[in-house]
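> Got a predicted structure plus its sequence, pasted below:
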Amino acid sequence: MIVLKISNASEVVAAKVGKFLERLTPDSMDQSAVEDQVIKKLIENLSAEGLKGEIAAINGLDLDGEDLSVHKGLTVRKHSSF
């Protein structure tokens, strides 16, 4: 299993849509939008290599260095098979 944590979602959104619009969107929306785009590209690239599997965006899971924390309310926000 691979865990990927994106830590600069707000900066990416600000660079793409501008600082003004980025301030109007909540950080959780920024995080979700960036995660969705990363998932989309990962699926495209992994499928092109002939790999099959599943990918999910999870709320309530946190990676901090070598520590993985599970928080109350752990949910799968998005799931895709490829």
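Arrived safely, thanks for sending. Residues are numbered from 1 along each chain as shown.

> Which residue, other than its chain neighbours, is closest to the residue nearest to the spatial centre of the chain?
The centroid of the chain falls nearest to Glu35 when counting by Cα atoms, centre = their mean (2.5 Å). Leaving out its chain neighbours, the residue that sits closest to Glu35 by Cβ to Cβ, 6 or more residues apart in numbering is Ala57, at 4.8 Å. Heads up, the C-betas are built off the backbone N, CA and C, glycines and all.

> quick check, that neighbour in a strand?
Yes: under DSSP: H, G, I helix; E, B strand; the rest coil, Ala57 falls within a strand.

> per-residue pLDDT, Lys5?
Per-residue confidence (pLDDT) for Lys5: 88.

> Equivalent analysis for Ser81, please.
At Ser81, the pLDDT value in this model is 96.

> Quick one: residues contacting it.
Counting by Cβ atoms under 8 Å, 6 or more residues apart in numbering, Ser81 makes contact with Lys52, Gly53, Glu54.
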